[in-house]
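Participant: give me coordinates for this.
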Amino acid sequence: MRTLPLPSTLAAAGIVLLLALIHVQAGPAATASLLALELALAACALVLLWVARRPATPAVPTDNFVDLPRCLPDLVWQIDYASRSALSLNTQNLEQHPAPGGGNNRISSLFPARIARQYLEALIAVQSSNKPQHFEYSIGNEERNARAFEVRIMPRSARECIALIRDISVVKDTEEALFQQQLFVNQIIDVSPNLIFVRDRHGRFLLVNRATQTTLGHDLLVQSHMGLEDDALPFTAGDTEVLEHGQTIRVVDHWTLPSGRTHWFDITKQPLVRDGQVYILSIAIDISHVKAAEAALALTDPLAGDIADALPCAFLLVRDAQIEFANLRACEFLNTPPAALLGRPIDVIAGTPLLPGEGELQRQTRFTVPGGNAILLSEACIISSSTQSLTLILLQAAP
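Facilitator: From the prediction side, this is the model:
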């Protein structure tokens, strides 16, 4: 026998009791409005009784969700905790991925030992914690043919769980392509002879290329993270304009290297915004040879320079491995204007060592001019034994 819900029963009984009281008190002298009220209350009682006796809507049977796994593009497996066997709930097939069936349902027989161990560890974790687990693995020996898969295991009951297996090879290929592209960009930055580095508003070096580390030294890069004063940090001129106003600026600054030599740099600074923070991206070009050329030209006697240019022999004066003077004939042999020679390392200009080695006073070298086919003979002779030795190099065309 079906029992009426308690709230509906009480409401209907209350309305009937109210009708009885109104009818008893009114008696035979009941007015038309009172009769209308009694009829309305009686109608409400009937509606409540009808709603209470209305059959409840049956719940959707769980059998309607049996076809849900068949609509998914992933593999859907039901895995038994005890037997470690898998049952496929859909008919999807993923390339190179094994599928249970034909008596071959155990995880240990479907996969290699490495992958089977991953499944076993995940099953133990899901069964013990009743929380989902996920992991990745690849199938295939060759890199081009290997496929990557992601598995998400979710608990279903105390005896079994559900595994969703998805092919993520395209995602992995994209990640690998992005990684290789980033590696290629880093290699380009490292190959650059210019100093490329990123610093924050505190002057700390966050990213440097190989030229920066070689030129400034590892110790200075580490010390920048120790809260040094601005005077103890290199290349701080113009940082305020970049950080506060977001301007791209160009400055000329100098720094004394650990070797004791002072180098001049033409530096371009521009703001770099990331995660709401402003950093300074700097590209510094070493222009020490330009400064040296300017100093050499300022000290050179114009008359002596004219006499040297009029001589038929080609010669250079090199101090501390850098060209200090080159006459016009030498510039013609090297196919380089004077402004591009002065202050530059002689070995870079010639493409081969020309200076005498340790313990030598002179040296003869046969070399080919970089960027040309002319073969030259050089004869280098040390003419000063001071700390920064002065070397005279005579050039002539090879026979």
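Participant: can you give me the helices in this structure?
Facilitator: Taking DSSP state H as the criterion, the chain contains helices spanning 6-26, 32-52, 107-110, 113-129, 169-191, 210-216, 218-223, 239-245, 288-299, 302-310, 328-334, 338-341, 346-350.
Participant: ok, and for the last one, which residues are buried?
Facilitator: Spelled out, that is helix 346-350. Residues of helix 346-350 classed as buried: 346, 349-350 (neighbour count, 16 or more other Cβ atoms under 10 Å). The C-beta positions use only the backbone N, C-alpha and C, and glycine is treated the same way.
Participant: just the closest of those residues to Pro132, please.
Facilitator: Minimum separation from Pro132 among those (Cβ to Cβ) is found for Ile349, which lies at 66.8 Å.
Participant: right, and the closest one touches Gln322 too?
Facilitator: No - here Ile349 lies out of contact with Gln322, judged by Cβ atoms under 8 Å, at a distance of 9.9 Å.
Participant: tell me how many other residues crowd Leu316.
Facilitator: By other Cβ atoms under 10 Å, the residues close to Leu316 number 26.
Participant: then Glu175?
Facilitator: For Glu175, the neighbour count with other Cβ under 10 Å is 12.
Participant: with Asp253 instead?
Facilitator: 16.
Participant: with Lys291 instead?
Facilitator: The criterion is other Cβ under 10 Å. On that basis, Lys291 has 17 neighbouring residues.
Participant: how close does it get to Val171?
Facilitator: From Lys291 over to Val171 the distance is 53 Å, taken as Cβ to Cβ, to the nearest Å.
Participant: need the longest strand for this protein.
Facilitator: When the chain is parsed with DSSP state E, its longest strand is strand 262-274.
Participant: packing partners for that one?
Facilitator: Secondary structure elements in contact with strand 262-274, counted by 3 or more Cβ pairs under 8 Å, 6 or more residues apart in numbering; DSSP states H and E, are helix 239-245, strand 249-256, strand 277-286, helix 288-299.
Participant: looking at those, which is nearest to Arg84?
Facilitator: Scanning the helices and strands packed on strand 262-274 with Cβ to Cβ as the criterion, the closest one proves to be strand 277-286, at 50.4 Å.
Participant: just checking, Pro337 touches Cys331?
Facilitator: Yes - under the criterion of Cβ under 8 Å, Pro337 makes contact with Cys331 at 6.2 Å.
Participant: more neighbours: which of these two?
Facilitator: Neighbours were tallied for Pro337 and for Cys331 using other Cβ under 10 Å; the higher tally belongs to Cys331 (18 against 10).
Participant: check that one and give its pLDDT.
Facilitator: If you check Cys331, the pLDDT there is 87.
Participant: repeat for Asp74
Facilitator: Looking at Asp74 specifically, the model assigns a pLDDT of 87.
Participant: for it, what are its contacts?
Facilitator: Asp74 is in contact with 92, 164-166, counting by Cβ atoms under 8 Å, 6 or more residues apart in numbering.
Participant: let's see which of the residues you listed end up in strands.
Facilitator: Counting by DSSP E, the contacts of Asp74 place 164-166 in strands.
Participant: state the mean pLDDT of stretch 311-325.
Facilitator: Confidence for stretch 311-325, expressed as mean pLDDT, is 85.
Participant: let me fix that: stretch 107-124
Facilitator: Confidence for stretch 107-124, expressed as mean pLDDT, is 93.
Participant: hey, what's the nearest residue to Arg114 once chain neighbours are set aside bridged with?
Facilitator: In space, and not counting its chain neighbours, Arg114 is closest to Tyr137: 7.6 Å by Cβ to Cβ, 6 or more residues apart in numbering. Assessed by DSSP bridges, Tyr137 has beta-bridge partners Phe149.
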